[in-house]
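>>> need coordinates for the following:
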Amino acid sequence: SGTANRIGNCDTDSFTVTTPGGKAPPLICGTNTGQHMYVPASDQCNILNGNIGSASTAATSAFTIKVTQIECTSKRAAPSGCTQYFTGDSGTIETYNYNSGNGVLLANQDYSACIRTERTYCAICYWSTSFKMSVP
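Below is the predicted model:
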């Protein structure tokens, strides 16, 4: 969904979701292919807002969004407060707009990424192939 501007601020293009009565997921932008976002359903309606700014072009800005409703009692449902929920015995956790290491860390990303403990497993091991922090 477009580019991240001003070192992590979503000035040109952005995507937001409202959560009436609850904490909204973070505003995101950049390239988020393969990312997911759990949003609690609301009787007052959740609003998805994709903003493509005037500085964007059709060649650089696009949204493709898959929406799946999950039953409240489903084992696939994320625990309350989890914006991202990772399942399975292996995988990769990336921030929004990571884009295979070509993106920038987005500003104001206050959310929880949760990991489900798989049956018969008693520990989780993490390692990083790339961990960089910089100040502009």
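>>> what about the closest residue to Ile47 other than its chain neighbours, neighbour count?
Spatial nearest neighbour of Ile47, excluding adjacent residues (Cβ to Cβ, 6 or more residues apart in numbering): Thr18 at 4.4 Å. Where C-beta positions appear, they are placed from N, C-alpha and C, glycine not excepted. Other residues near Thr18 come to 16 when the count uses other Cβ atoms under 10 Å.
>>> so Thr18 makes contact with Pro40?
No: using Cβ atoms under 8 Å, Thr18 is not in contact with Pro40, being 10.9 Å away.
>>> CA atoms only for the helix or strand of the chain with the lowest mean pLDDT, dumped as CSV, please.
Here the helix or strand of the chain ranked lowest by mean pLDDT, DSSP states H and E is strand 48-52, holding a mean of 86. Coordinates of each C-alpha in strand 48-52 appear next as CSV, following Å, rounded to 0.1, in the frame of the first residue of the first chain:
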residue,chain,number,x,y,z
LEU,A,48,-11.4,-0.1,6.8
ASN,A,49,-9.9,3.0,5.3
GLY,A,50,-7.3,2.8,2.5
ASN,A,51,-6.0,6.3,1.7
ILE,A,52,-4.0,6.7,-1.5
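>>> give me the next element, helix or strand, following it.
Next helix or strand after strand 48-52 toward the C-terminus (DSSP states H and E): strand 84-86.
>>> what's that following strand packed up against?
For strand 84-86, the packing partners by 3 or more Cβ pairs under 8 Å, 6 or more residues apart in numbering; DSSP states H and E come out as strand 113-115.
>>> so in that sheet, which strands flank the strand it packs on, and in what orientation?
Strand 113-115 has the following sheet partners, assigned by DSSP bridges: strand 84-86 (parallel).
>>> relative to its centre, which residue of this structure is most distant?
Distance from the C-alpha centroid of the chain, by Cα atoms, centre = their mean, peaks at Thr120 (28.4 Å).
>>> circling back to that earlier point, show me what contacts the residue nearest to Ile47?
Thr18 makes contact with Ala24, Ser42, Asn46, Ile47, Asn49 under the criterion Cβ atoms under 8 Å, 6 or more residues apart in numbering.
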